[in-house]
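J.: with the input below, show me the fold.
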Amino acid sequence: MASLFFPLLLFAAAVLGHIPRPAAHCPGYRATNIHQNPSYATADLVLIDNCSLYSKDIQSLRLLVEYETETRLHVLIEDAGKEVYQVQEHVLARPKTQNATANEAALKFSFTEDPFTFTITRASNGEVLFDTSDSPLNFESQYVRVRTRLPLNPNLYGLGEHSDDFRLPTSNYTRTLWNAEFPFIPSRTNLYGSHPVYFDHRGDSGTHGVFLLNSNGMDIIIDKTELGQQYLEYNIIGGVLDFYFVAGPEPAEVSKQYAEIVGLPAMIPYWTLGFHQCKYGWPTIDHVAEVVANYSAAGIPLETVWGDIDYMRDKLDFTTDPSRYPLAKVRTLVDQLHQSNQHYIQILDPGIRRHDDYGPYTRGAEKGAFLRATDGSYYRGIQWPGEVVWPDWFAPGTQDWWTSEILSFYSPSTGIDVDGLWVDMNEASNMCPDMTCLTSTTSTTTNPRQQQPPPQPHRRQPPSQGGGQGPKLGLPNRDLLSPGYHIASRHGGTLSAFTLSTNLTNADGSHQYDTHNLYGSMMARATHRALITRSPTKRPFVLTRSTFAGTGSHAAHWFGDNASTWAHYRAAIRQLLAAAAVHALPMVGSDVCGFNGDAEERMCARWAVMAAWQPFYRNHADASAPDQEFYRWPLVAEAARKAVGVRYRLLDYLYTAMWRASREGRAVVSPLWFFYPGDAATWGVQTQWFLGEALLVSPVVDDDSQTVRFYLPRDVWYDFWTGEKVVSVGGMVTREGVEWADIPVHIRGGSIVPMRVRSANTTAELRKENFVITVAPGADGTARGELYLDDGESLDVGDNKSVLTLTWNGRAVEASGMFGYATDLVIERVVVLGDGGPRTQEGPWRLHKAFILRF
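T.: Alright, predicted model coming up:
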């Protein structure tokens, strides 16, 4: 293969005879008109011969290669006319190039001209990371295909959202990306989010990441050829090939480099790390008040109460049920929660009831906020309120309308003074199983599922600008309902099954066919912006079910409607690792004790304990499920008291990790191989995780068991609970008799862990507690840690923050850094772990200036 700067023709046709061809032996494209400079290169790609496997071949493409940074390489293959859909810049802003050069870059781009194929290699060792040479490119109007060779049985992670193994299967495996609601989160299927990024870990030779910025539906196939060659293949129903390759080589660096592309995660309010309780099916606001009182009586800290759709009148957004949830009583409860330093969050769905006496609908209509069909009337579907219309997040008036509704209904003085919002059903989930239950031209009926002709798109696409400067909003004359290539969506049938019709045209001229996977993330972003308008100085908190790449920059995420089973207890760990370590979604968690079905006492106790060591911690259940608040079982109550108590003592450690994630994309939750990349035994571990960089969590995972086997890499460790030092040579550890309220946790040698001295009933009370610092020396006798302090809620804290770097050199603890946060809190004591047991010095040491403490 030739380098970018010395392109060569393919060797001889005889040499190519062994290369597997794509279906119908499509010949691909020829590179011409090649231009390059030290930072980038361009070329024209011309179709060699028509093939048109599933749709019409695009004759002329354009290649752009950019060495954006020393560790990030951008490869864009788009149509020459720039009409094929590309994710809009305002939806996902592209990272700015720093104009690195090929000579200094960690990744190198090479290609062949005829047919055009390309290869990405690691400069330091020449290792091939991405190689399309076996299979020339397919680029059609509704089918784009590219395949890369891989090492045999590679270690691949990501390509979510799914409930499959964290390390992806490598034979006969398909990951379909098409956002869809799937209760019980089945395996081997598409779920609520689409994240077309994977990390490829190759042990000591390094880890790299591959991100395809494409929101179209796709199948990503991981398999072997008949000759045993491992490959990964993209089969996409539209869009362009917009690749970002990141070099790592350390695994944690790949996570940071990916976050820099899609947007660094939003910094969360401190209180959101507390324990949350929700239930679909709470019958009245008085019942909710009883739940709050029962948690208090049980001695289990409760930070936030959530309102599911029960609070609504007829399940209408921006309403309260006058008999079960009268506004005055809801306001009273929220006031009481706030007086107790607790919080309240409510749910919103995207479906807006189509009725002339419903204000949010009429006001949205005035703003032109809803999706329309071909005749100009509103496209309609079915969601919880019945017949609904759907916000068009691309329409210029939609943000103003959505913000106005939120400001009015959630007015602190006249409405419900929520502390955050929860957006659900935003894949978008449509209770119409296909396109025939409603049309935009029929009036509301008593039978909304009656059979009607399918709607037609409302065409608002602007004309092409010509001159190679097309609008990038989608080619005309495509089959937007049933493309020739059928992705393997679990719903089957058409793309529009149980969602919005894919032939709908958005206000900017793009189509739901191309933007479907963006809908939930755009709703979350609009809600995030509305909350900033509502409280301009405070950090907003938004929880979303549907996600796309970059959602973490404006929302948290939970893993949807799981089940109250041991299997889903284990799946929650796999989903946590993928979302937090690979997908740049740090504030994540599952419905604790499961959403669907009956939660069993022992399982719920284990889940309450396990989830306390994950970022987002919320118990939530379906209306059809029995109540499962922690206090309802003695065993679960005991487990929860201990779990929430230790979690709260560690909240500043977790908050510090969240701040680092928001600043530089550092993972808050990591798999073992992030820290032990050369240890092959860690590569498939999916029942343990690091919380931050110091704490290794190893929960009991077997059904009804009190025995756990976990892997302890070669290193110095300390039992979190006892301080006992453990020097591991790398191997499995079996621990028996693990009580239902217990969980094995180890401190990694070389770490310093700050904790509050005592727990508290709320995070506001917790923030009044002083600190204890635990030093866990590594094999070299040193240790390091960090503590971040601010007011916990300001959107812009400015210099009103402290960033303490804590170090131990074997003789003294030193605190240095920035001390801008005014506080009277102190470090009460410092504990140094070691062979002879812990050594302790009592303080106090002030947190407003540097100090050195000698032992």
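
J.: what about Val292, how many residues nearby?
T.: 18 (other Cβ atoms under 10 Å). Any C-beta I mention is one placed from the backbone N, CA and C, and that applies to glycine too.

J.: tell me the buried residues in stretch 46-56?
T.: Neighbour counts using 16 or more other Cβ atoms under 10 Å place Val46, Leu47, Ile48, Cys51, Tyr54, Ser55 of stretch 46-56 among the buried residues.

J.: how about these, which pair is most distant?
T.: Taking every pair in the buried residues of stretch 46-56 and measuring Cβ to Cβ, the maximum separation is 20.7 Å, between Val46 and Tyr54.

J.: ok, the buried residues of stretch 46-56 vs His355, which is closest?
T.: For the buried residues of stretch 46-56, with His355 as the reference and Cβ to Cβ as the criterion, the closest is Ser55, at 40.5 Å.

J.: thought Leu473 was touching Tyr513?
T.: No: using Cβ atoms under 8 Å, Leu473 is not in contact with Tyr513, being 11.2 Å away.

J.: settle it for me: which of these two has more neighbours?
T.: When Leu473 and Tyr513 are compared on other Cβ under 10 Å, the one with more neighbours turns out to be Tyr513, at 28 against 25.

J.: remind me which helix or strand the residue nearest to the spatial centre of the chain belongs to.
T.: Geometric centre of the chain, nearest residue: Leu585, 3.5 Å, by Cα atoms, centre = their mean. Under the criterion of DSSP states H and E, Leu585 resides outside all helices and strands.

J.: sketch out the low-pLDDT regions of the stretch 451-600 of the chain for me.
T.: Low-confidence regions of the stretch 451-600 of the chain, defined by pLDDT under 70, span residues 451-469.

J.: apply 80 and report the result again.
T.: 451-469, 492-493 (pLDDT under 80).

J.: tell me where it has strands.
T.: Taking DSSP state E, counting those that start in this stretch as the test, the strands found in the stretch 451-600 of the chain are 542-544, 547-548, 556-558, 588-589, 591-592.

J.: try the stretch 51-200 of the chain
T.: Using DSSP E, counting those that start in this stretch, the strands of the stretch 51-200 of the chain run over residues 60-67, 72-79, 107-113, 116-122, 128-131, 138-139, 144-149, 155-158, 173-177, 193-194, 197-201.

J.: deepest of those, which one?
T.: Burial among those, expressed as mean neighbours by mean count of other Cβ atoms under 10 Å, is greatest for strand 193-194, which shows a mean of 30.

J.: tell me the helices and strands packed up against that strand.
T.: Secondary-structure packing of strand 193-194 (3 or more Cβ pairs under 8 Å, 6 or more residues apart in numbering; DSSP states H and E): strand 547-548.

J.: for the strand it packs on, packing partners?
T.: If you count contacts as 3+ Cβ pairs under 8 Å, 6+ apart, strand 547-548 packs onto strand 193-194, helix 519-534.

J.: which of the ones you listed is buried the deepest?
T.: strand 193-194 (a mean of 30).

J.: returning to what we had before: Ser553 is nearest to which of the helices and strands packed on strand 547-548?
T.: Each of the helices and strands packed on strand 547-548 was checked against Ser553 via Cβ to Cβ, and the shortest separation belongs to helix 519-534, namely 8.3 Å.

J.: redo the helices and strands packed on strand 547-548 as JSON lines? Include distance to Ile285.
T.: Conversion of the helices and strands packed on strand 547-548 to JSON lines gives the following (distance: least, Cβ to Cβ, whole Å):
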{"stretch": "strand 193-194", "distance to Ile285": "32"}
{"stretch": "helix 519-534", "distance to Ile285": "22"}
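
J.: measure the closest residue to Arg735 other than its chain neighbours to Arg72 for me?
T.: In space, not counting the residues next to it along the chain, Arg735 is nearest to Val708; the distance is 5.4 Å by Cβ to Cβ, 6 or more residues apart in numbering. In this structure, Val708 and Arg72 are 40 Å apart, going by Cβ to Cβ, to the nearest Å.

J.: may I see the buried residues of stretch 478-496?
T.: Arg478, Leu480, Pro483, Tyr485, His486, Ile487, Ala488, Ser489, His491, Thr494, Leu495, Ser496.

J.: how long is it end to end?
T.: Stretch 478-496 stretches 15 Å from its first residue to its last (Cα to Cα, to the nearest Å).

J.: now stretch 223-238
T.: As for stretch 223-238, its first-to-last residue distance stands at 22 Å under the measure Cα to Cα.

J.: list the buried residues in it.
T.: Going through stretch 223-238 with 16+ other Cβ under 10 Å, the ones that come out buried are Gln230, Tyr231, Leu232, Glu233, Tyr234, Asn235, Ile236, Ile237, Gly238.

J.: what's the answer for stretch 373-390, then?
T.: 373-374, 377-390.

J.: of the buried residues of stretch 478-496, closest to Glu724?
T.: Taking Cβ to Cβ as the measure, Glu724 sits nearest to Ala488 out of the buried residues of stretch 478-496, at 49.8 Å.

J.: pretty sure that closest one sits against Asp219.
T.: Yes: contact between Ala488 and Asp219 holds when scored by Cβ under 8 Å: they sit 5.5 Å apart.
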